[in-house]
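kindly generate the corresponding structure for this input.
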Amino acid sequence: MIDLRSDTVTRPTPGMLAAMASAELGDDVLGDDPTVKALEARAAALAGKEAAIFTPSGTMANLIAICVSTRKGDEVLQEAGAHPFNYEAAGAGAVAGVQIRPLAADRGILDPATVEAAIRADNDHFAPATLLCVEDTSNRGGGSVYPLERLDALTALAERRGLRTHLDGARAMNAVVKSGVPLERRARGFDTVSFCFSKGLGAPVGSVLCGSGADMHRARRVRKMLGGGMRQSGVLAAACLYALDHHVDRLADDHRRADQLAAGLAALGYATDPHETNLLYVQIANAPEAQDRLADRGIACIAVAPDRIRLVTHLDVDDAGIEAALAAFAAL
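Below you'll find the model as predicted:
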């Protein structure tokens with residue numbers, strides 16, 4: 001089976017498994033797991049922040065970020081297709097006690113004018129907007145990468161209007177590789193930034209949240225409340241450190257294969273949404289039925305709408321896998 005459902009389906013490489021097996025361990029909840037501490041220090045440096053905290057998932061990292069930057073009854077502004085609004089089980093409302101206000105955007109890229117128009121006057125009837133979340137790359141935007149000037153404009157607007165900012169960088173390294181701009185620069189204006197190791201970077205588990213020392217001190221308490229303390233989690237952090245050493249630059253291969261897949265589908269008569277990185281949305285009639293028929297031909301994918309299938313390239317899909325996928329689409 002060629003699994004194109006997500007870049008979360010990867011299996012650890014032999015080198016990554018060896019790094020996990022040899023990791024030096026402690027108790028992270030007690031603050032003495034050396035491998036976790038090394039990962040957090042490295043992640044904070046990559047993001048240009050003072051500190052970081054290792055979390056089991058990007059969903060938890062985002063929720064912690066929201067908790068750190070808001071109070072109950074606040075409003076969080078983000079693009080309508082963003083992950084916390086669509087795929088995080090309403091945690092922002094259930095746990096943080098905030099409401100998310102979804103904003104329209106072209107291919108997931110927020111316009112500062114749209115954000116400013118959504119910031120309502122100080123009025124007892126309105127939930128005060130206190131946090132702006134930006135997702136880079138945008139999943140539902142087709143893996144679109146925020147232009148650097150747009151990130152700067154959004155953070156400048158937020159600072160001027162008194163909003164805190166969170167960069168949901170689940171696939172931030174895809175944006176770094178595609179743009180050639182380091183994460184520190186892309187995240188410069190944000191109060192907090194998260195990124196995942198269990199997507200394109202190929203680790204089995206883990207995300208990280210970075211920010212100021214004071215924010216990360218509070219984040220540890222929120223992580224504990226959510227049950228995110230993982231004790232000897234250095235065995236997982238070792239996989240993430242290995243990923244940073246070996247799996248960042250190769251993301252360009254995933255982007256190239258997504259381009260190859262899009263070109264092949266176009267030659268077969270299929271239309272695809274615009275894409276930039278490793279996420280490809282294919283326009284197809286009766287997508288759920290097509291998903292099943294592709295599975296019968298050895299291609300796993302996800303129907304995300306009645307007329308859309310999502311295909312995701314990743315570490316475990318090589319050029320032969322792309323050719324197999326194209327052959328399956330040709331046989332539909």
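
and the strands in the stretch 101-250 of the chain?
Here the stretch 101-250 of the chain has its strands, by DSSP state E, counting those that start in this stretch, at 129-135, 164-169, 192-196, 207-211.

of those, which is nearest A23?
A23 sits nearest to strand 207-211 of all the strands of the stretch 101-250 of the chain, at 16.3 Å, using C-beta to C-beta. Just so you know, the C-beta spots here come from the backbone N, C-alpha and C atoms, and that holds for glycine as well.

what angle do the closest one and strand 192-196 make?
Put simply, strand 207-211 runs at 160 degrees to strand 192-196, going by axes from the mean of the first three to the mean of the last three C-alpha atoms, to 10 degrees.

need the contact partners of the worst-scoring helix or strand of the chain on mean pLDDT.
Using mean pLDDT, DSSP states H and E, helix 83-86 stands out as the lowest-scoring helix or strand of the chain, at a mean of 94. For helix 83-86, the external contacting residues (C-beta atoms under 8 Å, 6 or more residues apart in numbering) are 58-59, 62-63, 66, 76, 78, 91-92, 100, 102, 133, 135, 139-140, 168, 170.

with only the CA atoms kept, save that helix in CSV.
Output of helix 83-86 as CSV, limited to C-alpha atoms (Å, rounded to 0.1, in the frame of the first residue of the first chain):
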residue,chain,number,x,y,z
HIS,A,83,-6.3,23.5,12.5
PRO,A,84,-7.5,24.6,15.9
PHE,A,85,-10.9,25.6,14.5
ASN,A,86,-11.4,22.5,12.4
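
now do the buried residues in that helix.
H83, P84, F85 (16 or more other C-beta atoms under 10 Å).

repeat that for stretch 247-262.
Buried residues in stretch 247-262, counting neighbours by 16+ other C-beta under 10 Å, are found at H247, V248, L251, D253, D254, H255, R257, A258, D259, Q260, L261, A262.

how about stretch 108-116?
In terms of neighbour count (16+ other C-beta under 10 Å), stretch 108-116 has its buried residues at G108, I109, L110, D111, P112, V115.

what about the residues you listed, which are in helices?
Judged by DSSP state H, the buried residues of stretch 108-116 include P112, V115 as members of helices.

farthest pair in the buried residues of stretch 108-116?
For the buried residues of stretch 108-116, the farthest-apart pair by C-beta to C-beta is G108 and P112; their separation is 14.7 Å.

which one of the buried residues of helix 83-86 is nearest to A156?
Taking C-beta to C-beta as the measure, A156 sits nearest to P84 out of the buried residues of helix 83-86, at 22.6 Å.

that closest one and R218: what is the separation?
According to C-beta to C-beta, to the nearest Å, P84 stands 18 Å off from R218.

so how many other residues sit close to D152?
The local packing of D152 (other C-beta atoms under 10 Å) involves 16 other residues.

hang on, the earlier thing: reformat the buried residues of stretch 247-262 as TSV; add distance to G206 and pLDDT.
Formatted as TSV, the buried residues of stretch 247-262 follow (distance: C-beta to C-beta, whole Å; pLDDT from 0 to 100):
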residue	distance to G206	pLDDT
H247	13	98
V248	15	98
L251	17	98
D253	22	98
D254	19	98
H255	22	98
R257	24	98
A258	24	98
D259	28	98
Q260	29	98
L261	28	98
A262	30	98
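
since that was my last question, I'll sign off now.
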